[in-house]
Structure formats: C-alpha cells, structure tokens
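Trainee: okay, structure incoming, though there's no sequence with it:
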Ligand code: DGL
C-alpha cells in the first residue's frame, strides 16, 4: 500500500494559519497544501459555486493520492463539506475522508464562555449558512450565538492592507456591530482562517474581559485525536515530515504572501484545475 500525505485546503492563504498549528502538533506527518488563490475569495460566492470549487480541489487531492483532506476554510466547510461527505465521497471512494474546521470549533467553544453568549465573526457565506449556530446548539443547547459577517476583512488581508487606517475602520465597525447585538458576549470565535492575521488589531478594539479564540490550535488538537482514534487512517499517511505547497494562481505571489500566514518562507508550485 502506497502511503500519502494529508491534504490541507483553503480558498487562499488562510488555511496556512491552520496548517501552521497542525504541523506544530503533528510534525511527523507529510502534508500537501492547496490554496485556490485564482478563485479566492470564496466568502461572497453562492452555495453552488463554493461547493463546485471545493469539490474540484478535493478531487485534485485525491488524484495526488491523499486519503484524508482537511478543509481549512470555514466557507468551504459551511457550504461544501456536508454535500461532499454525503453525496460525493461514496462515489469517489469510501476510504477517503474529508474533514472541516467547524465541528472541532463548535464542540468546545461553549466551554470558553461564562455568560453563555458567544460571538462568531466570519465571511458572509459562513454567517448566512447558519452552520455555527446550528452546530453550537447541537453541543451546547443553552448557548446564545450572535454572528457578524466581516466582508471587508479578507480583501484587506489578501491585499496586504491590514495595517492601514482603512483596516482599523472596518475592524472597529464589525466589532461594534457584533457587540451591539448583546452586552453579554464574553467570547468571540474567529470563524475565518484569515482572521488570525488581524488578532492584534482586533484586540485593540475589544473591551477588556472578552476572550478572542482562533481555530488553529483547536483544529490541530482535534485532528491529533482523530488520527489517534482512527489508526487505520493514520497508518495510510506517510511520515517523513514533508510539506508541499500548491496554488491555482501565481506561485511567486503565493511565496511572497504565505510567510505572513505560515510564519516561515514557503516555496509553492502552480497548478491548473
Ligand atoms: N479562509 C476562508 C474561511 O475560513 C475565507 C476566505 C475567503 O473568503 O475565501 O472562511
């Protein structure tokens, strides 16, 4: 049996904030990262478009031999994961697994809050899908969930403008809009894998006493548990500690931007889908 890498997918660079934490917790495995930069952002796109784009990328991972693919993108997890798991995987090969970032986050986020009121910051697609309220209520029926879409944040990050006065304006605006929904919110989840880049700025505008939670370490811990519980899958993954990066847009652009998200220089290859 040929062993293969774990596939990690995002619409662009955001998934690198998740991969960074996964590699920290599980350094021995091999990983392939794909950013669909040519078609990012996914956030404002329709359900069907995000589903089709994500499925195409998942199929590409399967062609590379990956048995396990992580959708390190909330928008793709919200709009495509269920369809892929229920409709496509049975056709594509039952041994293959595709996991998202919403479930690991929602199954523990309730434990962070003392007031029982949680704020979710995400893309328009993630917010409109209602995936977070639905999943959180599944694990924590009593928790109140308040959502705020932040459509300007990904473009500001992707365009390298997150330290500009314009970024401050939109960071404050969306936080104000979220916090105006309830004075009880004491925990805010960054439910978009791009948003950790803004964490210091967001903290500047948050009232004291509100905890800001990023997903990277949470998703990494959940994956470690998953691989521990599923030895059959863990055995199928090669363990030489390698990392390979691919992008659907310019590899030079990807390499220029990626270190901000991954914390290290990367060398990527371009692919056409
Ligand atoms: N990183 C993606 C997420 O976690 C959003 C970026 C995009 O809009 O493409 O939702």
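Mentor: Arrived safely. No experiment lies behind these values; they were computed from the predicted model shown. Numbers count the residues shown, from 1 in each chain.
Trainee: is it true that residue 233 touches residue 66?
Mentor: No - contact criterion CB atoms under 8 Å: residue 233 and residue 66 do not qualify, at 11.1 Å. For glycine as for every other residue, the C-beta is placed from the backbone atoms N, C-alpha and C.
Trainee: if you count what's nearby, which of those two comes out ahead?
Mentor: Set side by side, residue 233 and residue 66 show unequal neighbour counts under other CB atoms under 10 Å, the larger going to residue 66 at 26 against 16.
Trainee: SS state for the residue lying closest to residue 88 once chain neighbours are set aside?
Mentor: Using CB to CB, 6 or more residues apart in numbering and skipping the chain neighbours, the partner closest in space to residue 88 is residue 55 (6.0 Å). When the structure is reduced to helix, strand and coil (DSSP: H, G, I helix; E, B strand; the rest coil), residue 55 reads as helix.
Trainee: does residue 55 touch residue 84 like I think?
Mentor: Yes - the pair residue 55 and residue 84 qualifies as a contact (CB under 8 Å) at a distance of 5.9 Å.
Trainee: what about those two, which has more around it?
Mentor: residue 84 (22 against 18).
Trainee: for the ligand, what are the nearby residues on the protein?
Mentor: Proximity of the chain to the ligand (CB under 6 Å from any ligand atom) is limited to residues 10-12, 14, 40-43, 73-75, 123, 126, 154, 192-194.
Trainee: the residues you listed in helices, which ones?
Mentor: When DSSP state H defines the helices, the subset of the residues of the chain next to the ligand inside them is 74-75, 126, 154.
Trainee: now do the contacts for residue 10.
Mentor: Applying CB atoms under 8 Å, 6 or more residues apart in numbering to residue 10 gives the contacts 16, 18, 33-36, 71-73, 76, 193.
Trainee: got those residues as a markdown table, with neighbour count columns?
Mentor: Rendered in a markdown table, the data for the contacts of residue 10 read as follows (neighbours: other CB atoms under 10 Å):
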| residue | neighbour count |
| --- | --- |
| 16 | 30 |
| 18 | 29 |
| 33 | 27 |
| 34 | 27 |
| 35 | 28 |
| 36 | 26 |
| 71 | 29 |
| 72 | 30 |
| 73 | 36 |
| 76 | 30 |
| 193 | 31 |
